[in-house]
Each structure stands twice: as C-alpha cells, then as structure tokens.
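J.: Sequence plus predicted model, see below.
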Amino acid sequence: MTRRSQKQKKALLEKALLESEYRPFKDELAITSDGLLLKQNKIVIPKTLREKVVKLAHTEHQGIEKTKSLLRSKVWFPNMNKMVTAETNTCIPCQAATPKTSTNLIMSSELPPGPWENLDLDFGGPFPNGKYTLVVIDEYSRYPIVRIINNIKTEAVVYELKKNVHGIWLT
Ligand SMILES: [Zn+2]
C-alpha cells in the first residue's frame, strides 16, 4: 500500500465526514497512513462490509452481549449494537446462550459428581416448535454446548447429557 501524505489523509477524512452518519463522531475519527478510517483505535467498517462482519462475529452463537463485545473490541460503525441485536434476536442458539432469556436452572447438586461439578445447565424455550434448548456451560472455560431437546424432564436431560455431551468432556 502506498503511504499517504498529510494532505491526502486530510482529504480522505473530509470525504468520510461527508457521510452524515460519521459526522457526530468527527472528533474521534482519523485516517491511518494506509488510508484506513479509524475511530480511536478501532477500524471503521464501511457500509458494504458491515453485514459480513456481524455475521462473522456471530458464527460462534455466543449470544447478543458476547457478540457485541467481540465486535466492540476490534471495530466500530454507527448503529453496530442495533445490527447485532437484529442478527442475534431471531437465533435460537444465541437466545439460549443469553442468560436473561433462560427459564430454568438445574441445581448442580442434581448433577453427577466428578467433572460434572463444574458445569452449568440451562434451558431456553419452549420455542414455537415446542422444543427447548439445553445449554451446558463449563464454568471454567465458559465453553457452551447447545442441544435441541423435546422436553426438559430430568430423564430427557440426563439422556442427552450421556449421549451427546459427556463424551466431549471425557475425550
Ligand atoms: Zn446465533
């Protein structure tokens, strides 16, 4: 990439500020010598790439807040939070990973001893299709596993844990 002179940088910044959405932030915006628009130390994502960036940040289905903070740590664009909310609001795994939408909690005393002591179980739903999400989170790593289950009776949950989750922890 070619290095820009002060004059070129100034011109690029002025061009960016023609976009009305950037104007309220004009004091925080700057152009790097590579011609990149920055807001403080964060890269400003142009309109054409915003959807892609939000989708990328959302691939892990970590819920609204975690997706927002992941983005916030690296990039910025106007109404970023709104876009993340819209993207994750209709996503069942994300809803399940967001504590405030959970409806139930199995106490850890109901769990088997050993490695299970460090797991949190949580549910989301019921969803319009009558199913629930079972979310298992390792308390130390906060690593979530999400399964779709038909009901939240203890037997069904234990069955699902034995079948699909337990193996992951033992390997
Ligand atoms: Zn999601």
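T.: Now that the structure is in, tell me what you want to look at.
J.: so where's the chain uncertain?
T.: Low-confidence segments of the chain, defined by pLDDT under 70: 1-2, 98-119, 137-145, 164-171.
J.: Would you mind naming what in it lies close to the ion?
T.: Counting by CB under 5 Å from the ion, the chain comes close to the ion at 61, 91, 93-94. For the C-beta atoms, the positions are set from N, CA and C on the backbone; glycine is no exception.
J.: Which positions in the one helix or strand residue 56 maps to come out as buried?
T.: If you go by DSSP states H and E, residue 56 is part of helix 47-57. Across helix 47-57, burial judged by 16 or more other CB atoms under 10 Å covers 50, 53-54, 57.
J.: Which elements pack onto it?
T.: helix 64-72, helix 80-89 (3 or more CB pairs under 8 Å, 6 or more residues apart in numbering; DSSP states H and E).
J.: neighbouring contacts of that helix?
T.: Residues outside helix 47-57 that contact it (CB atoms under 8 Å, 6 or more residues apart in numbering): 45, 67, 70-71, 75, 77, 80, 83-84, 87.
J.: Neighbour count and secondary structure added to the residues of the chain next to the ion, as CSV?
T.: Formatted as CSV, the residues of the chain next to the ion follow (neighbours: other CB atoms under 10 Å; DSSP: H, G, I helix; E, B strand; the rest coil):
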residue, neighbour count, secondary structure
61, 17, coil
91, 16, coil
93, 20, helix
94, 25, helix
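J.: For the nearest residue to residue 131 once chain neighbours are set aside, name its beta-bridge partners.
T.: Using CB to CB, 6 or more residues apart in numbering and skipping the chain neighbours, the partner closest in space to residue 131 is residue 148 (5.3 Å). Following DSSP bridges, residue 148 is listed with bridge partners residue 133.
J.: tell me the contacts of residue 91?
T.: Here residue 91 is in contact with 58, 61 (CB under 8 Å, 6+ apart).
J.: if I look at residue 23, how far off is residue 45?
T.: In this view, residue 23 and residue 45 are 17 Å apart by CB to CB, to the nearest Å.
J.: These two: which has the busier surroundings?
T.: The residue with more neighbours, out of residue 23 and residue 45, is residue 45; 20 against 12, by other CB atoms under 10 Å.
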